[in-house]
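**Student:** Pasting the sequence and the predicted model now:
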2 protein chains.
Amino acid sequence: MSRVLIIGAGGVSSVVVKKCAMLPEYFSEIHLASRTVSKCEKLQEEAGKDRVVGVYSVDADNVPELVELINKVKPSLVINVALPYQDLTIMDACLETGVHYLDTANYEPKDEAKFQYSWQWAYQDRFKEAGLMALLGSGFDPGVTNVYTAYAAKHYFDEIHYLDIVDCNGGDHGQAFATNFNPEINIREITQRGKYWENGEWHETDPISVRKDLDYPGVGVRASYLLFHEELESLVKHFPTLKRARFWMTFGDAYLNHLRVLEGIGMTSIEPIDYNGQKIAPLEFLKAVLPNPGSLAEGYEGKTCIGTYITGMKDGKEKTIFIYNNCDHAVCYEEVGAQAVSYTTGVPAMIGAMLMLENIWMKPGVWNMEQFDPDPMMERLNQYGLPWQVVENIESPFTR
Amino acid sequence: MSRVLIIGAGGVSSVVVKKCAMLPEYFSEIHLASRTVSKCEKLQEEAGKDRVVGVYSVDADNVPELVELINKVKPSLVINVALPYQDLTIMDACLETGVHYLDTANYEPKDEAKFQYSWQWAYQDRFKEAGLMALLGSGFDPGVTNVYTAYAAKHYFDEIHYLDIVDCNGGDHGQAFATNFNPEINIREITQRGKYWENGEWHETDPISVRKDLDYPGVGVRASYLLFHEELESLVKHFPTLKRARFWMTFGDAYLNHLRVLEGIGMTSIEPIDYNGQKIAPLEFLKAVLPNPGSLAEGYEGKTCIGTYITGMKDGKEKTIFIYNNCDHAVCYEEVGAQAVSYTTGVPAMIGAMLMLENIWMKPGVWNMEQFDPDPMMERLNQYGLPWQVVENIESPFTR
């Protein structure tokens, strides 16, 4: 019996639901809940009513409502693909009902654009004592990038020293401006100050101020910008040999121009303004104006390339490897009706859930992905749609 | 006795109120009404309670409310500096109460970005029969530009052939992006298709697609773009010898980039979108996010230059003249606490009202500015803060 309750019904959820639905031997019963039950019903229709057996409306900010729902469904595991603001309430509800937990992005408070693991790591003792497990950040980045790092450390190095995670979306959705996942979360992430780890401490940069042109396999050369990404926080903690850890993401000039204009006039602010006597955060309104990320999938062309450059020592010599995945927007659309940015997040969430339900990755407490043996995840990535490549003994494109 | 009722309490209104307040011999009593009475009270405070003797809240979309207010105040003239959407309701109320009318911008329906005089010209017979006068477009452009044209036709030419109105704001308000008057009206005006008159018919252009670099006295060379402006409609009607009539406005690259981004993502649309179950027009929300044009005045530096190039025949020879005004933002701020864009609109409204109250410009019906003798207005422009220059026998910067 492996009944799962999936909370959230956006683009990532649609991938998780459909991938789980294809695997009844691992996910015997799927239940789906979201604030807007009609979104769940639509996904249920698409995935099949025999697979998604229950749909529910739930306010994921409300612990008693979540507890009531979990007690009704009695799942083995809650898969949280709602908003990061809701991680803590869902963890609270899992603790209260005695159910395992998995998510894809770490908690950040709604009124402050600041994501970090401290809030969720603080649940370590409570989960351990309850004999429950919480798997944090089981998406692509964070998630697969953590596993790539652990895999490299295990199989290719005696000690890893330099880590550069690179995230390129080489796709074209044909819109003037759109974000590939929740615009609110996307813009909050990009407009905050950059941050990277070096020589035992964090260094800050102005937002989108450090640029490097990188050549991505399957895509080509793209301008890439240093920004802070949450997996850096857990990776430098769990791989203390790292001398430097950075994260890079590609943005086109048009995208950045849009972002700068919108930020400059205050449209990306989370500080509510007065609109005819109502308080509305400009970013919330902008989100309503921009295309729904799910709507970009049809006709989306090109590939993503997300990977990890790692430099370290092996048998007394320094070397660099690059582990990466290419994911094709159109192929994802054909398989599950989603674009690659949703697909690359949703598939690792499904695999993480599978590993927990199979007791392959299962221990009480709150864990990041790199704290488990990477091999079973790496095997299943090849099997379920996110095959990876290792390029060995290359010259690092990153100077030291 | 010359009691006036001013409707509207924005940036232009503040100039009209203060200029009228300085001239008790022409404006014995000033009454001020707006949807938001606190804005009226603030202006009353600034202009003096002995001069602004009454403030009122009124919904200018509501004819019975307007009628009640006008009957209470019993003014000789209503000066409409509210939104252009409200011209017709205020004209209706003036007809019903037997009061003269003046405005600075022609009517456009709120749900369609399309301004034209037809709606207001249709009141001609009703005003004439009631023995009432309506003076339309008594601002700078429209307004002073119409008077410049009439003045040129009267004193410098036997026949005028080519008209190019040029509007340059060479000022710097130090904001990333802001509009100099009501952002909603400003953006509606600029994002619509361009239009000019040539050889007896209107020709359309894509928005902001025709550019010319012009040298403005007191400012310098600025990129200027062809757009439609309302005075063209009345000027080609009242000067049928015109072979071509165009309007040009300066925009900086940064301004246009902002506008293109905002338009591209739909933020300038007047079509309401669904925001959490409410219908909100993106442009209305944008207006709430952008700086209030009135707030730009402090520290605003530089000058405006608005003028009229006219080419025509005199004594059998072709010649070109340029009539223009330079207005300094900081000087306006010092005089009335406003920026030059509000000042150049508000002063001609005050002068138009003065000419009506003095019976210098007074005849029943609905009239545009160029239909009166331009000389009294030209004299008073020099006297009340908007001195003009005529440059004669220059080479036209406009090719034919």
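**Tutor:** Okay, I see it.
**Student:** List the residues that contact the most centrally placed residue in chain A.
**Tutor:** For chain A, the residue nearest the mean C-alpha position is A:Gly139 (3.9 Å; Cα atoms, centre = their mean). Shown in contact with A:Gly139 (Cβ atoms under 8 Å, 6 or more residues apart in numbering or on different chains): A:Val12, A:Thr104, A:Ala105, A:Thr344, A:Thr345, A:Gly346, A:Pro348, A:Ala349. Just so you know, the C-beta spots here come from the backbone N, C-alpha and C atoms, and that holds for glycine as well.
**Student:** do that again at 10 Å, thanks
**Tutor:** By Cβ atoms under 10 Å, 6 or more residues apart in numbering or on different chains, the contact list for A:Gly139 reads A:12, A:16, A:81, A:103-105, A:145-146, A:181, A:231, A:342, A:344-349, A:352, A:369.
**Student:** Tell me which of those residues fall in helices.
**Tutor:** Among the contacts of A:Gly139, the ones falling in helices (DSSP state H) are A:12, A:16, A:145-146, A:231, A:342, A:344-349, A:352.
**Student:** Keep only those that also lie close to chain B.
**Tutor:** When Cβ under 10 Å from any Cβ of the partner chain is taken as the criterion, no member of the ones in helices among the contacts of A:Gly139 contacts chain B.
**Student:** mind putting these in CSV, neighbour count included?
**Tutor:** Compiled in CSV, the ones in helices among the contacts of A:Gly139 are given as follows (neighbours: other Cβ atoms under 10 Å in any protein chain shown):
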residue, neighbour count
A:Val12, 28
A:Val16, 31
A:Thr145, 30
A:Asn146, 31
A:Glu231, 28
A:Ser342, 28
A:Thr344, 26
A:Thr345, 27
A:Gly346, 30
A:Val347, 29
A:Pro348, 31
A:Ala349, 28
A:Gly352, 29
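**Student:** Out of the residues you listed, the closest to A:Gly131 would be?
**Tutor:** A:Gly352 (18.9 Å; Cβ to Cβ).
**Student:** Tally up the residues packed near the residue lying closest to the closest one once chain neighbours are set aside, please.
**Tutor:** Excluding the flanking residues, the one nearest A:Gly352 by Cβ to Cβ, 6 or more residues apart in numbering or on different chains is A:Ser138, at 3.3 Å. Around A:Ser138 there are 31 other residues, counting by other Cβ atoms under 10 Å in any protein chain shown.
**Student:** shouldn't A:Ser138 be in contact with A:Met356?
**Tutor:** Yes - A:Ser138 lies in contact with A:Met356 (Cβ atoms under 10 Å); the separation is 9.0 Å.
**Student:** Mind listing the shared neighbours of these two?
**Tutor:** By Cβ under 10 Å, 6+ apart, the residues touching both A:Ser138 and A:Met356 are A:Ile79, A:Leu102.
**Student:** What score does whichever residue of the stretch 201-350 of chain A sits closest to chain B have for pLDDT?
**Tutor:** With Cβ to the nearest Cβ, the shortest gap between the stretch 201-350 of chain A and chain B falls at A:Gly264, namely 3.7 Å. Per-residue pLDDT puts A:Gly264 at 88.
**Student:** Distance of it relative to A:Lys279?
**Tutor:** Distance of A:Gly264 to A:Lys279, given as Cβ to Cβ, to the nearest Å: 22 Å.
**Student:** Comparing the two, which residue is more hemmed in?
**Tutor:** A:Gly264 (15 against 9).
**Student:** Low-confidence ranges, the stretch 251-400 of chain A, go.
**Tutor:** A:400 (pLDDT under 70).
**Student:** Show me the strands in it, by range?
**Tutor:** Listed in chain order, the strands of the stretch 251-400 of chain A (DSSP state E, counting those that start in this stretch) span A:273-275, A:278-280, A:303-314, A:317-328, A:365-368, A:388-391.
**Student:** Can I get those strands in CSV including distance to B:Ala93?
**Tutor:** As requested, those are exported to CSV (distance: least, Cβ to Cβ, whole Å):
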stretch, distance to B:Ala93
strand A:273-275, 29
strand A:278-280, 30
strand A:303-314, 62
strand A:317-328, 64
strand A:365-368, 69
strand A:388-391, 73
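**Student:** Let me know which of those strands is the nearest to B:Arg246.
**Tutor:** Of those, nearest to B:Arg246 by Cβ to Cβ is strand A:273-275, at 37.6 Å.
**Student:** Nearest to chain B: which residue in the stretch 101-250 of chain A?
**Tutor:** At 3.7 Å from chain B, A:Ala176 is the closest residue in the stretch 101-250 of chain A, using Cβ to the nearest Cβ.
**Student:** List the residues that contact the nearest residue in space to that residue that is not next to it in sequence.
**Tutor:** Closest residue to A:Ala176 apart from its sequence neighbours, by Cβ to Cβ, 6+ apart: B:Gly264 at 3.7 Å. The contact partners of B:Gly264, by Cβ under 10 Å, 6+ apart, come to A:Gln175, A:Ala176, A:Phe177, A:Ala254, A:His258, A:Val261.
**Student:** Can you add distance to A:Lys39 and neighbour count and give the residues you listed back as JSON lines?
**Tutor:** Output for the contacts of B:Gly264, formatted as JSON lines (distance: Cβ to Cβ, whole Å; neighbours: other Cβ atoms under 10 Å in any protein chain shown):
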{"residue": "A:Gln175", "distance to A:Lys39": "21", "neighbour count": "14"}
{"residue": "A:Ala176", "distance to A:Lys39": "26", "neighbour count": "15"}
{"residue": "A:Phe177", "distance to A:Lys39": "24", "neighbour count": "20"}
{"residue": "A:Ala254", "distance to A:Lys39": "30", "neighbour count": "12"}
{"residue": "A:His258", "distance to A:Lys39": "27", "neighbour count": "23"}
{"residue": "A:Val261", "distance to A:Lys39": "31", "neighbour count": "24"}
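**Student:** what residues does the stretch 201-350 of chain A put near chain B?
**Tutor:** Close to chain B, as judged by Cβ under 10 Å from any Cβ, the stretch 201-350 of chain A has residues A:254, A:257-267, A:269, A:273-276, A:278, A:280, A:282, A:284-291.
**Student:** now those residues: which count as buried?
**Tutor:** Buried residues within those, counting neighbours by 16 or more other Cβ atoms under 10 Å in any protein chain shown: A:257-263, A:265-267, A:269, A:275, A:280, A:282, A:285-291.
**Student:** Next step: the residues you listed restricted to helices.
**Tutor:** Going by DSSP H, the helices hold A:257-263, A:282, A:285-289 from those.
**Student:** Export the residues you listed as a markdown table, with columns for distance to A:Val331.
**Tutor:** Output for these, formatted as a markdown table (distance: Cβ to Cβ, whole Å):
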| residue | distance to A:Val331 |
| --- | --- |
| A:Asn257 | 30 |
| A:His258 | 28 |
| A:Leu259 | 28 |
| A:Arg260 | 33 |
| A:Val261 | 34 |
| A:Leu262 | 32 |
| A:Glu263 | 34 |
| A:Pro282 | 36 |
| A:Phe285 | 34 |
| A:Leu286 | 31 |
| A:Lys287 | 28 |
| A:Ala288 | 30 |
| A:Val289 | 30 |
